[in-house]
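Novice: sharing a model prediction with you, sequence too.
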Protein chains: 2
Amino acid sequence: MSRIILGLDPGTATTGFGVVKEDQGSIALVDCGYITTPSTNSDSDRLLVIGRAVEKLLKTYRPDAVAVEKLFFAKNQTTAMAVSQSRGVLLASIARAQLPLLEYTPLQVKQRITGYGRADKRQIQQMVKALLKLDQVPQPDDAADALAVAICGAAEKPPNATIGI
Amino acid sequence: MSRIILGLDPGTATTGFGVVKEDQGSIALVDCGYITTPSTNSDSDRLLVIGRAVEKLLKTYRPDAVAVEKLFFAKNQTTAMAVSQSRGVLLASIARAQLPLLEYTPLQVKQRITGYGRADKRQIQQMVKALLKLDQVPQPDDAADALAVAICGAAEKPPNATIGI
């Protein structure tokens, strides 16, 4: 039985999304892209745009689970709080749709995708390209990051499945 | 023309709310209380509970504006991120209802309520009690804090109104 996993990389200006299909251990790209909100809008209007966009993604792709990057620690507290506001909206939408939520810190994504916690952004992107058998690295970076998170989610369950990562 | 202001003090476990009515410069208590979410629930379920509860408050009291405490800086980053997630849900709900949003940092609340930035929590609560002509300080603390934020919002507009704070 195949499963659809939506991966999300939350941000204020840009929230990346990636949709993958897992079928008997193989993973394929379904779609990827990003939600963008105009910087001229108020914080609350931007959060509403993000909420509506993710609800549309949930309706369009009807994922079996949603994987979201978890902010573990950020040097810039203002950024951390802004990204957390976006995460809050995403998480509430996922709960409203009664979907399983999978969370991964950036370190966990690195470890699971490359087996190496210190991998850089470029190495992650190359692995995403290779795992999804793509001709090139998905663009923009936020979409590639969201696909990396989605791949982590696709590898998570069912427990006995074997996925090549 | 009287105006209803909803004040919110966001948190994960407890989000305080306070509703005040401003009429020609005088402010009166309408209601106050708190939204609580069970710690046994997942983060996303708790955020959904908060979102639904605030939407119910917006429908019940039909405020003219919503005032929300703004986290400016927190010593504990984990707490700051958790509270920011709740704020994100609140802000998106306020934008969905197309209501004006007023934001105040804790320092601004202190300055506006007591005219003194270093006022302690107890002094703020005594001022809330006095301004709303109550017999005792509203309970719990989160409700009193939310009322303080609502009072700041009530004093904000219309620009020519005079309010006794």
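Specialist: Received, thanks.
Novice: distance of A:Asp43 from chain B?
Specialist: 6 Å (C-beta to the nearest C-beta, to the nearest Å). Every C-beta, even on glycine, is put in place using the N, C-alpha and C of the backbone.
Novice: check A:Val66 too.
Specialist: For A:Val66, the distance to chain B - C-beta to the nearest C-beta - is 9 Å.
Novice: pretty sure that residue is touching A:Ala154, no?
Specialist: No: applying C-beta atoms under 8 Å, one finds A:Val66 not in contact with A:Ala154, separated by 11.5 Å.
Novice: residues in contact with stretch A:92-105?
Specialist: A:51, A:54-55, A:58, A:63-72, A:91, A:112, A:149, A:152-153, A:156, B:42, B:44-45, B:47-48, B:50-51, B:89, B:92 (C-beta atoms under 8 Å, 6 or more residues apart in numbering or on different chains).
Novice: so A:Gly18 is in which element?
Specialist: A:Gly18 is part of strand A:14-23 when elements are defined by DSSP states H and E.
Novice: so for the helix or strand following that strand, mean pLDDT?
Specialist: Stepping forward along the backbone from strand A:14-23, the first helix or strand reached (DSSP H and E) is strand A:26-36. Mean pLDDT, computed over strand A:26-36, is 96.
Novice: output the contacting helices and strands for strand A:26-36.
Specialist: Strand A:26-36 is packed against strand A:14-23, helix A:43-61, helix A:141-154, with contacts defined by 3 or more C-beta pairs under 8 Å, 6 or more residues apart in numbering or on different chains; DSSP states H and E.
Novice: how far out from the middle of the chain is that strand?
Specialist: 9 Å (C-alpha atoms, centre = their mean, to the nearest Å).
Novice: next: stretch A:96-104.
Specialist: That offset, for stretch A:96-104, works out to 12 Å (C-alpha atoms, centre = their mean).
Novice: what residue ranges in chain A score low on pLDDT?
Specialist: Scanning chain A for pLDDT under 70 picks out A:157-165.
Novice: tell me the residues of chain A that contact chain B?
Specialist: Within chain A, the positions adjacent to chain B are A:42-45, A:47-48, A:50-51, A:71, A:73-74, A:77, A:80-82, A:84-89, A:91-92, A:94-96, A:101 by C-beta under 8 Å from any C-beta of the partner chain.
Novice: derive a ChimeraX selection command for the buried subset of those.
Specialist: A single ChimeraX command suffices to select whichever of the residues of chain A next to chain B are buried according to 16 or more other C-beta atoms under 10 Å in any protein chain shown:
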select /A:43,44,45,47,48,50,51,71,74,77,80,81,82,84,85,86,87,88,89,91,92,94,95,96,101
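Novice: of the residues of chain A next to chain B, which belong to strands?
Specialist: A:Leu101 (DSSP state E).
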